[in-house]
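Peer 1: Pasting the sequence and the predicted model now:
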Amino acid sequence: MCLFRENLISSRLPKTLYLGENVHRQMDNLWDKTASDRRERAGTFALDMDGNLQLVNIEIGSATGVNTNLDVSEDETFVGTFHTHPRPLFPEQISRGFSNSDMLTAINDGEKLSFLLFSSVFLLIQPPCPPLIRGTFLFKRKVWLQTEDDVFALVRTEKTPLSISRRNFYREFNILMNQYEQFGFLREEALICTNLDLCEKYGLAFYRGKAKNKLEVVYKP
Ligand SMILES: [Zn+2]
């Protein structure tokens, strides 16, 4: 049975996440297209009448964004969204993690699952980390080496609020990014730490994996 038929309870979330062969094949195809033309792709996860997860409403965006279409048909149930980030064209472009609007819409649109596929070229190396920074928990837990074609997923739990203020959330996001960058983290590292700090604050679980593979849980609230 598909995990996303029920409301998700943090303590009962699985260690690994796999969305089924069909959905992964569709996402892999969209990822291949993004890798070749550097335009974002998006789709919407929905449960069909039999409770099987589908990826519908495929959209093509630009190098820096894509609109999602959240309308599903009457006999389907909305679950969440998928999108890709191409390799950045300029260093400031956020690519290897969820942007502020990615996280905000995951919360405010009622997504149970927000799935992101992107390409990374940097190695993440465990830095020393001052105890003042909240994201320290990440570095105590696990630090990973990134290679190509990473997948991150946010999963809503019973601890996730239904709606939050966009202004406050964007402000928090910027403050965290600045803190990590001032401490000397690469922008990619700062982004992942910021994502994880905000998962902790807003009760979202965080999974990570490689394209074409199942994901493993990194953080449960
Ligand atoms: Zn995005």
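Peer 2: Now that the structure is in, tell me what you want to look at.
Peer 1: need the contact list for residue 71.
Peer 2: residue 57 (CB atoms under 8 Å, 6 or more residues apart in numbering). C-beta coordinates here come from the backbone N, C-alpha and C atoms, glycine included.
Peer 1: Can you report how many residues lie near the closest residue to the ion within the chain?
Peer 2: Nearest residue of the chain to the ion (CB to the ion) works out as residue 102 at 4.1 Å. By other CB atoms under 10 Å, the residues close to residue 102 number 19.
Peer 1: Can you pull the residues of the protein lying near the ion?
Peer 2: Proximity of the chain to the ion (CB under 5 Å from the ion) is limited to residues 99, 102.
Peer 1: Would you mind listing the buried residues in stretch 183-193?
Peer 2: Judged by neighbour count using 16 or more other CB atoms under 10 Å, the buried positions of stretch 183-193 are 183, 185-193.
Peer 1: Can you tell me which of those is nearest residue 97?
Peer 2: Comparing the buried residues of stretch 183-193 against residue 97 with CB to CB picks out residue 191 as the nearest, at 3.8 Å.
Peer 1: and of the buried residues of stretch 183-193, the nearest to residue 16?
Peer 2: Nearest to residue 16 among those, with distances taken as CB to CB, is residue 192, at 19.6 Å.
Peer 1: roughly how far apart are that closest one and residue 57?
Peer 2: Distance, residue 192 to residue 57, by CB to CB, to the nearest Å: 28 Å.
Peer 1: circling back to that earlier point, any idea of the pLDDT on the residue of the chain closest to the ion?
Peer 2: Listed pLDDT for residue 102 reads 96.
Peer 1: which ones are touching it?
Peer 2: Per CB under 8 Å, 6+ apart, neighbours of residue 102: 83, 114, 116.
Peer 1: Let's see which of those residues end up in helices.
Peer 2: Among those, no member falls in helices (DSSP state H).
Peer 1: Please indicate which of the residues you listed are buried?
Peer 2: 83, 114, 116.
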